[in-house]
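I need the structure of the sequence given here:
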Amino acid sequence: MNLNLKGALVAFFSLFIIGASQAQSINKSKFGKGLQFIAADSSFSLKFSTRFQMLYQGAINNSAEQLEDRFLIRRARLKFEGFAYTPKLEYKIELGLSNSDIGNDDPARFNNADNIILDAVAMWNFAPGWELWVGQTKLPGNRERIISSQKMQFVDRSLLNSRFNIDRDAGIQLHHVHNFGTTVVRESGSISMGEGRDITVNNAGGYDYTAKVEVMPFGEFEGEGAYVGSDIYREETPKLAVAAAYNFNDNASREGGQLGDFLVDQRDLSTLFVDYMFKYRGFSSMGEYANKKAPDGPVVLRTDEGLVDETFVTGNAFNIQAGYLFPTNWEIAGRYTTFNPEKVTNIRSQEQYTLGVSKYIVGHSLKVQGDVTLQDQPNRENTYLFRLQMEVAL
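Got it, this is the predicted structure:
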């Protein structure tokens, strides 16, 4: 996406917000909650918020002569949400402006738009406990991916997520929630394109199908905390969420299904996720398991020497993390991740050990996080990763 288009978007939305603020009364606005407007006739509402992450990261191993490091804007987002016509019809639009958000697909080769649109979805509460979502947003996959990048316990998500998550897609989703006494059960399902966000070409291969069930035996978490990193609400009673999700991508075209390079051939991909979240009085723990398969084999292209040139990413991964938030709003957390790709893919397995420290100044809206990761790969020297990040969300 070129700079002129970025500038035009920023200018447009700035003028829009200024005009709205002059025409409507501002209410419920405070740090971290955005600007909120409600029409005089209550026919619509708008909440505008923005956020960015400034990141320093470095890497070094025992034989390296110097540290490889850089500063970057990891994320820069604009978000619009509210209701239209009736409070039962909500919407959400989220735009990503940083290079890390937009991605690096090659429009000349794949005829894809820049990935500036993260979310553009309408959510209709058509009956008690039922919602129909239409548009582009996150699929009901693994917990770590659904947790907002603003609300993570560490600087960034784990290796399990980067290798196996099913990310965002365009299509429809159906969500249902009901109670059995104190137990809360959530079911969700989706049918989507299967090629990921902001794709402008016709559907390639088949569609993508996802189903998920989540159980909270001790009731809802405070502040939707089942999808918030760290126990920032300090649950007064133990809270647990356990979920399982299954995704089938019919004739996937990209190496990760919704993510990664487009390959020369297609494969069916099936992915299983199992996860949990537990919180109690400042202590939190989350664990996930992912398993992705290609029944017809993941490798689609080899070199003349027989080496793997193009392959889907298949195999399994496990991630577990835990942390304790002190009354001073400092948190110490640890994470262990193992990534085990199928041998035929010729992708290296990895183990990662991460120690993180966070200071929550205004919850997840203003915080500073740092972590150190030991990355262990077979037949390679250990690598040490260092990251320090500041989050500002208005």
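
contacts, neighbours, all on C-alpha from now
OK.

pretty sure Thr303 is touching Asp309, no?
Yes - with contact defined as CA atoms under 8 Å, Thr303 reaches Asp309; the gap is 5.9 Å.

does the closest residue to Ala393 other than its chain neighbours belong to a helix or a strand, and which?
Excluding the flanking residues, the one nearest Ala393 by CA to CA, 6 or more residues apart in numbering is Arg51, at 4.0 Å. According to DSSP states H and E, Arg51 maps onto strand 45-61.

What is that strand packed up against?
Of the remaining helices and strands, those touching strand 45-61 by 3 or more CA pairs under 8 Å, 6 or more residues apart in numbering; DSSP states H and E are strand 35-38, strand 68-84, strand 383-393.

switch to 10 Å and redo it
helix 3-23, strand 35-38, strand 68-84, strand 86-96, strand 366-376, strand 383-393 (3 or more CA pairs under 10 Å, 6 or more residues apart in numbering; DSSP states H and E).

buried ones in that strand?
Going by neighbour count (16 or more other CA atoms under 10 Å), the buried part of strand 45-61 is 45-57, 59-61.

Which one of the helices and strands packed on strand 45-61 lies nearest to Ile199?
In terms of CA to CA, the element of the helices and strands packed on strand 45-61 nearest to Ile199 is strand 86-96, at 14.9 Å.

residues of the helix or strand that that closest one is followed by that come out buried?
Sequence-wise, the next helix or strand downstream of strand 86-96 (DSSP H and E) is helix 99-102. Within helix 99-102, the residues that count as buried by 16+ other CA under 10 Å are Asn99, Asp101, Ile102.

and stretch 57-72, how far out from the chain's middle?
Put simply, stretch 57-72 sits 26 Å off its chain's centre (CA atoms, centre = their mean, to the nearest Å).

Could you do stretch 35-51 as well?
25 Å.

could I have it exported to PDB, CA atoms only?
Coordinates of each C-alpha in stretch 35-51 appear next as PDB, following Å, rounded to 0.1, in the frame of the first residue of the first chain:
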ATOM      1  CA  LEU A  35     -14.200   8.200  21.500                       C
ATOM      2  CA  GLN A  36     -17.800   7.200  21.700                       C
ATOM      3  CA  PHE A  37     -20.800   8.800  20.000                       C
ATOM      4  CA  ILE A  38     -24.500   8.000  19.900                       C
ATOM      5  CA  ALA A  39     -26.900   9.700  17.300                       C
ATOM      6  CA  ALA A  40     -29.500  12.000  18.700                       C
ATOM      7  CA  ASP A  41     -32.200   9.700  17.600                       C
ATOM      8  CA  SER A  42     -30.300   6.600  18.800                       C
ATOM      9  CA  SER A  43     -30.300   5.200  15.300                       C
ATOM     10  CA  PHE A  44     -26.600   4.300  15.400                       C
ATOM     11  CA  SER A  45     -23.500   4.500  17.600                       C
ATOM     12  CA  LEU A  46     -19.800   4.800  16.800                       C
ATOM     13  CA  LYS A  47     -16.700   4.100  18.900                       C
ATOM     14  CA  PHE A  48     -13.400   5.100  17.400                       C
ATOM     15  CA  SER A  49     -10.100   4.000  18.800                       C
ATOM     16  CA  THR A  50      -6.500   3.800  17.800                       C
ATOM     17  CA  ARG A  51      -3.400   2.000  19.000                       C
END
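
pLDDT averaged over it, what's the number?
Taken as a whole, stretch 35-51 has a mean pLDDT of 93.

Stretch 294-305 too?
95.

Distance of Pro298 relative to Met193?
20 Å (CA to CA, to the nearest Å).

can you check Ala211 too?
In terms of CA to CA, Ala211 sits 15 Å off from Met193.
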